[in-house]
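Novice: Sequence first, predicted model second:
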There are 2 protein chains.
Amino acid sequence: MMAYLRRRERKVKRRHQVKTVAGCCGLLNDLRKDYLLNRWVVIATHRKRRPTDFTNKRSAPQSVDGSKCPFCPGNERKTPPAVLLYLKGEKGRILKEKDTDGFRHENWLIRCVSNLYPAFSPPENGQNLNSGRAVGHHEVLVESPNHTEHPAVARLDQLTHVVNAYIDRLKELSAKPYVRYVSIFRNHGLEAGASLSHAHSQIIATPTTPVILSNELRASKDFHEANGLCVFCNILEKEKMSARFIWEDENFVAFAPRAAVHPFEFWILPKAHRATLLDLPPKSTKSLTRALSVCLGGLNSLLNDPPYNYGFHIAPNNGERNEFYHWHLEVYPKLTIWAGFEKSTGIYINVVPPEDSAKSLKIAIEKSQT
Amino acid sequence: MMAYLRRRERKVKRRHQVKTVAGCCGLLNDLRKDYLLNRWVVIATHRKRRPTDFTNKRSAPQSVDGSKCPFCPGNERKTPPAVLLYLKGEKGRILKEKDTDGFRHENWLIRCVSNLYPAFSPPENGQNLNSGRAVGHHEVLVESPNHTEHPAVARLDQLTHVVNAYIDRLKELSAKPYVRYVSIFRNHGLEAGASLSHAHSQIIATPTTPVILSNELRASKDFHEANGLCVFCNILEKEKMSARFIWEDENFVAFAPRAAVHPFEFWILPKAHRATLLDLPPKSTKSLTRALSVCLGGLNSLLNDPPYNYGFHIAPNNGERNEFYHWHLEVYPKLTIWAGFEKSTGIYINVVPPEDSAKSLKIAIEKSQT
């Protein structure tokens, strides 16, 4: 909505001398539905905006006072004890440790702690799990001792530790009897909800399957029953050949979804059909690391380190095999505002067609790789 | 998410001298479901924030250069011709007019124009209405010739014109064969998506029933079939007696919903069971005007003119009577950011319990009325 008003304002200024403006244009925008969800989006195909309209205007990262950042090395006592640490072992091996209440490890590579003000908390003794309480876990995964080492610019080795730590926490949290789903996500930049700028992800374990996941599960099950194949495998094959294709290697494909809600939104899908990140073979971890590095690197160079959110979509911990589901990662740059129309109807307006987003991201990735 | 991190940051700073911080608190937050929708929210009951945490820090409204605002009087040619104008007639009567391509009325009270860059546009001749195109209308309703006369501070007479103009546009747009739903909404403040600050609402007519409305319709129909009464009438009776009650007169009730997604969110429900705003008797228009004025005025004085969105929820134009539906207005202050968790799961986190929001709003309204 804001985008429309802004463009009108700019256009109006440009036409300041013109006495009579033209009426609204007769061309019609696309109205597209998500592959699985009952989620509709208007794709403003004929009034599209260019990447430069969204380029982050910040000139350089602000200097960081490490002594004040609770996630910087030396400040370990400013957070609760770590539930997982990666430490440098002998001969390049990684040691996995935990802090205790009275002791904090130093010289870590990765550090995962409970959120001081958790949205979800472990059950107390005798807690009734059906009591409408937010039972679960809420953790912060500090991705590097280096304040600004976020995925788009991280060393590949360090980013591999991040992916491995996601899987370690997913494994431990999924094993708890009161955990139904583990959401692994990342907020990058103040506008995307990250008020602490030290590179970090978050992990929230919930006692129910979130609605977006349960809707995706139902739709992918229905598709499987009707067509005998996985809807995501099908999407992947089609999008690889479409104008929305961005990047691939032997294990992963990145593309802009057909009904993208956000400008420059893209998804990373594994080529192998697996329900959850837990099933990822160790040899594919490096490939996922490269996919993250390449695609977020492309976004970073295209729009000058824009704010974004990403979230893993994985099968829940519901006691079923969920063999029809296909885990993936969705990346949402935060460049526009959801306003009254989006919030009261559930219909979205995207001012950058995903075909254009894909083309720009593809070029940015190719440039940064040469 | 952002709120959690911010509070942690503040707390961490406060504890700067303390060597060891405590682990996360053992108390559990509420997990609540919307009355009708499959929408869950964590209510941070034990880590709640006060209204002062959200007070708008702007000291005074910026001065406005009316010559540059396309909605200010004198600039009528900077917009498409008005599809509806209210003009002063003789003896205080209101004349309803339209502009033509070559002519613009002046001295208007209300002015509704097509959006120069519409998300939805009328069908072209021979247009296939099932072609996945965003067929419909997208209009801007300029609420007053006075740039800053938004509902919280508007004269009651002027605000009555706004409500009447909503109903006039709703009537005209609903009669079009390709219109299934008419969304009437308002974005207030830059952070809520309004890049033009002149008081205005927007109206979007869509060719399908939006998902939020179709889900509400289905749920209210199911409730009616199971219980023989309207779910909203039932909510209204219960919330009138609850800690979430805010305000009422003979025709309307305002309350904070039990599973409010936003801090200081409130809904305004008509006491009379009616499916759409079109059924509102003229004598109730003034009552709706007062409800808007009083409740938005309370929000305005409580948080110093915060950004917000509001949207009407009405029965669609689907050829049915929808007698089980109950129209209402939902108001969402824009004080927090939806980040990776909300966007990838559909679960929300609200750091102000609706009971606290209601109490603060109730007091603010009582103060402003004395």
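Specialist: Done, it's in.

Novice: Now for the residue lying closest to A:I43 once chain neighbours are set aside: which residues touch it?
Specialist: Of all residues not flanking A:I43 in the chain, A:D30 sits nearest, at 4.1 Å (CB to CB, 6 or more residues apart in numbering or on different chains). (Each C-beta comes from the backbone N, C-alpha and C, glycine too.) A:D30 makes contacts with A:42-43, A:45, A:353, B:132-134, as judged by CB atoms under 8 Å, 6 or more residues apart in numbering or on different chains.

Novice: How about A:I94?
Specialist: So A:I94 contacts A:86-88, A:109, A:161, A:164 (CB under 8 Å, 6+ apart).

Novice: redo that, cut-off 7 Å
Specialist: Applying CB atoms under 7 Å, 6 or more residues apart in numbering or on different chains, we find A:I94 in contact with A:Y86.

Novice: Kindly report the same for A:A259.
Specialist: Contacts of A:A259 (CB under 7 Å, 6+ apart): A:32-34, A:39, A:41.

Novice: that older thread, from the contacts of A:D30, which has minimum pLDDT?
Specialist: Ranked by pLDDT, the contacts of A:D30 bottom out at A:T45 (74).

Novice: what's the neighbour count on it?
Specialist: Using other CB atoms under 10 Å in any protein chain shown, the number of residues around A:T45 comes to 18.

Novice: what's the answer for A:C233, then?
Specialist: Look at A:C233: counted by other CB under 10 Å, it has 15 neighbours.

Novice: try the one 5 residues further on
Specialist: The tally of other residues near A:K238 (other CB under 10 Å) stands at 14.

Novice: gap between it and A:S360?
Specialist: Per CB to CB, to the nearest Å, A:K238 is found 21 Å from A:S360.

Novice: thinking again about what came up before, emit the ChimeraX select command for whichever of the contacts of A:A259 are buried.
Specialist: In ChimeraX syntax, the buried subset of those is picked out as below (16 or more other CB atoms under 10 Å in any protein chain shown):
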select /A:32,34,39,41
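
Novice: export the contacts of A:A259 to a markdown table and tack on distance to B:L173, secondary structure and pLDDT?
Specialist: Below are the contacts of A:A259 laid out as a markdown table (distance: CB to CB, whole Å; DSSP: H, G, I helix; E, B strand; the rest coil; pLDDT from 0 to 100):
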| residue | distance to B:L173 | secondary structure | pLDDT |
| --- | --- | --- | --- |
| A:R32 | 23 | strand | 95 |
| A:K33 | 23 | strand | 94 |
| A:D34 | 26 | coil | 95 |
| A:R39 | 24 | coil | 94 |
| A:V41 | 21 | strand | 95 |
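
Novice: Report the two of the contacts of A:A259 separated the most.
Specialist: A:R32 and A:R39 (9.5 Å; CB to CB).

Novice: Centre-most residue in chain A?
Specialist: Nearest to the mean C-alpha position of chain A, by CA atoms, centre = their mean, lies A:Y310 at 0.9 Å.

Novice: Show the secondary-structure elements that the lengthiest helix in chain A is packed against.
Specialist: If you go by DSSP state H, chain A has its longest helix at helix A:282-303. The criterion is 3 or more CB pairs under 7 Å, 6 or more residues apart in numbering or on different chains; DSSP states H and E, and the helices and strands that helix A:282-303 contacts are helix A:156-174, strand A:245-248, strand A:252-255, strand A:266-270, helix A:354-369.

Novice: In chain A, where is pLDDT below threshold?
Specialist: A:1-26, A:46-48, A:59-63, A:126-131 (pLDDT under 70).

Novice: all strands of it, in order?
Specialist: Here chain A has its strands, by DSSP state E, at A:30-33, A:40-43, A:82-88, A:94-97, A:108-114, A:137-142, A:181-188, A:200-206, A:245-248, A:252-255, A:266-270, A:308-313, A:328-333, A:348-350.

Novice: Provide the strand pairings for the shortest one, with the direction of each partner.
Specialist: Strand A:348-350 has the following strand partners under DSSP bridges: strand A:40-43 (parallel).

Novice: between the helices and strands packed on helix A:282-303, which one is nearest to chain B?
Specialist: Comparing the helices and strands packed on helix A:282-303 by their distance to chain B (CB to the nearest CB), the top pick is strand A:266-270, with 11.3 Å.

Novice: Can you tell me how far the residue nearest to the centre of chain A is from chain B?
Specialist: Distance, A:Y310 to chain B, by CB to the nearest CB, to the nearest Å: 6 Å.

Novice: before we move on, what about A:R244?
Specialist: Taken as CB to the nearest CB, the span from A:R244 to chain B is 16 Å.

Novice: That residue: what's it in contact with?
Specialist: A:255-256, A:258, A:354-355, A:358.

Novice: try 8 Å this time
Specialist: A:255-258, A:354-355, A:357-358.

Novice: Double-check the residue nearest to the centre of chain A against A:P333; I have them as touching.
Specialist: No - judged on CB atoms under 8 Å, A:Y310 makes no contact with A:P333 at a distance of 9.7 Å.

Novice: List every C-alpha atom in the longest helix of chain A, with coordinates, as PDB.
Specialist: Output in PDB follows, covering the C-alpha atoms of helix A:282-303 (Å, rounded to 0.1, in the frame of the first residue of the first chain):
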ATOM      1  CA  PRO A 282      26.300 -34.600   6.500                       C
ATOM      2  CA  LYS A 283      27.700 -34.300   3.000                       C
ATOM      3  CA  SER A 284      24.800 -32.100   2.000                       C
ATOM      4  CA  THR A 285      25.400 -29.600   4.900                       C
ATOM      5  CA  LYS A 286      28.200 -27.900   3.000                       C
ATOM      6  CA  SER A 287      25.900 -27.600   0.000                       C
ATOM      7  CA  LEU A 288      23.200 -25.900   2.100                       C
ATOM      8  CA  THR A 289      25.900 -23.600   3.500                       C
ATOM      9  CA  ARG A 290      26.900 -22.700   0.000                       C
ATOM     10  CA  ALA A 291      23.300 -22.100  -1.100                       C
ATOM     11  CA  LEU A 292      22.800 -19.700   1.900                       C
ATOM     12  CA  SER A 293      26.100 -18.000   1.200                       C
ATOM     13  CA  VAL A 294      25.500 -17.500  -2.500                       C
ATOM     14  CA  CYS A 295      21.800 -16.500  -2.400                       C
ATOM     15  CA  LEU A 296      22.000 -14.200   0.700                       C
ATOM     16  CA  GLY A 297      25.300 -12.900  -0.800                       C
ATOM     17  CA  GLY A 298      23.500 -12.000  -4.000                       C
ATOM     18  CA  LEU A 299      20.600 -10.300  -2.100                       C
ATOM     19  CA  ASN A 300      23.200  -8.400   0.000                       C
ATOM     20  CA  SER A 301      25.100  -7.100  -3.000                       C
ATOM     21  CA  LEU A 302      21.900  -6.300  -5.000                       C
ATOM     22  CA  LEU A 303      20.200  -4.200  -2.300                       C
END
